[in-house]
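1. How does the following fold in three dimensions:
(chains A and B)
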Amino acid sequence: MSDDASTTDLRDRLYSLVYSSFATTLFDDAELEALLTESRTANERVDITGLLLYRNGRFIQFLEGPEDRVRALIERISADTRHNGVRVLVDGHPGARQFAEWTMGYEPLTTTDGPVPEGFRSTFDDLEQADDGDAVLRATQELSFWFRVRQGRPRT
Amino acid sequence: METETPAHDVVWARVDDGFYVGSRPGYFLGCIDRQEDGQFVALDTLTRPLGTFAQLADAMAAVTRAHESGGADA
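-> Next up is the predicted model:
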């Protein structure tokens, strides 16, 4: 395969990943809004869509788009001093985008202080299971599910 | 022919306060979203409502039952 063919592949092939990171300082609502505005403007230019979650100083972000653009973005995020401990949880080449309408979707998460109901798993605990790829993948899909339901819910 | 779908392989996870997702290995069954009035709305995998329940256990049963019967029926 020629280098040109490889480059075309990376430009055209849809690639997605989910990463987690920790904010180096806690974000308030205004700072989070500024980050989202910056992210949406940049993503629109390079055809990246996705979802951002922020909970207790931790970011979880879904990114999807042309492979070279997504890989370049995760490299920039890894070097961004606002993030610590950037870790890609899952990645792959999906057949279609999950968040096609969102340059960067966002829904506030409720802080869950109460215990998980008996017999239930915790999605956020499962995200930490670096040695259990199935649990991590299921947890990211649960978050995607949650977003689709909550973004369609009337605001109160 | 009926497909055996034992309840013990269902995994329930809490995503957020009042939001629960049910799955079996390889696929999702649906989810439950607690409303402000404390009622639990059960939803199928296409997020179509299956019903509203006072108890979480009843909403869980509705999600599992709807998947086994092939989708939203309420």
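2. Find the closest residue to chain B in chain A.
-> Relative to chain B, the nearest point of chain A is residue A:110 (3.9 Å; CB to the nearest CB). C-betas here are computed from N, CA, C, even on glycine.
3. Isn't that residue up against residue B:15?
-> No - look at residue A:110 against residue B:15 with CB atoms under 8 Å: they stay out of range, at 9.9 Å.
4. Name the residue in the two with the higher neighbour count.
-> residue B:15 (27 against 12; other CB atoms under 10 Å in any protein chain shown).
5. Which strand runs longest in chain B?
-> For chain B, the strand that runs over the most residues, judged by DSSP state E, is strand B:27-34.
6. I'd like the distance from the helix or strand following that strand to the chain centre, please.
-> Going down the chain from strand B:27-34, the next helix or strand is strand B:40-43, by DSSP states H and E. Mean C-alpha position of strand B:40-43 versus that of the full chain (CA atoms, centre = their mean, to the nearest Å) differs by 7 Å.
7. what's the helix or strand containing residue A:65 packed up against?
-> Element membership for residue A:65, per DSSP H and E: strand A:58-66. Contact partners of strand A:58-66 among helices and strands, from 3 or more CB pairs under 8 Å, 6 or more residues apart in numbering or on different chains; DSSP states H and E: helix A:3-12, strand A:14-23, helix A:29-46, strand A:49-55, helix A:67-79, helix A:133-150.
8. again, only this time at 10 Å
-> Counting contacts by 3 or more CB pairs under 10 Å, 6 or more residues apart in numbering or on different chains; DSSP states H and E, strand A:58-66 packs against helix A:3-12, strand A:14-23, helix A:29-46, strand A:49-55, helix A:67-79, strand A:83-92, helix A:123-127, helix A:133-150.
9. Just say helix, strand or coil for the most centrally placed residue in chain B.
-> With distances taken as CA atoms, centre = their mean, the residue of chain B nearest its centroid is residue B:63 (2.8 Å). Classification of residue B:63 using DSSP: H, G, I helix; E, B strand; the rest coil returns helix.
10. residues in chain B within reach of chain A, list them.
-> Neighbours of chain A within chain B, by CB under 10 Å from any CB of the partner chain: B:10-23, B:25-28, B:30-33, B:35-36, B:41, B:43, B:45-47, B:56-57, B:60.
11. could you redo the last one with a cut-off of 7 Å?
-> B:11-17, B:19-21, B:23, B:28, B:31, B:33, B:36, B:43, B:47, B:56 (CB under 7 Å from any CB of the partner chain).
12. how near is the residue of chain B found nearest chain A to residue A:82?
-> Closest contact between chain B and chain A, by CB to the nearest CB, is at residue B:17 (3.9 Å). From residue B:17 across to residue A:82, the span is 26 Å (CB to CB, to the nearest Å).
13. Where does pLDDT dip in chain B?
-> Applying pLDDT under 70 to chain B flags the ranges B:1-8, B:71-74.
14. same check, this time on chain A
-> Low-confidence segments of chain A (pLDDT under 70): A:1-8, A:10, A:111-113, A:153-156.
15. how many neighbours does residue A:75 have?
-> Using other CB under 10 Å: residue A:75 sits among 11 other residues.
16. ok, now which ones touch the residue of chain A closest to chain B?
-> B:16, B:17 (CB atoms under 7 Å, 6 or more residues apart in numbering or on different chains).
17. Against residue A:78, how distant is it?
-> For residue A:110, the distance to residue A:78 - CB to CB - is 29 Å.
18. likewise residue A:35?
-> 16 Å.
19. quick one, what contacts residue B:29?
-> Contacts of residue B:29 (CB under 7 Å, 6+ apart): B:10, B:22, B:23, B:45, B:63, B:64, B:67.
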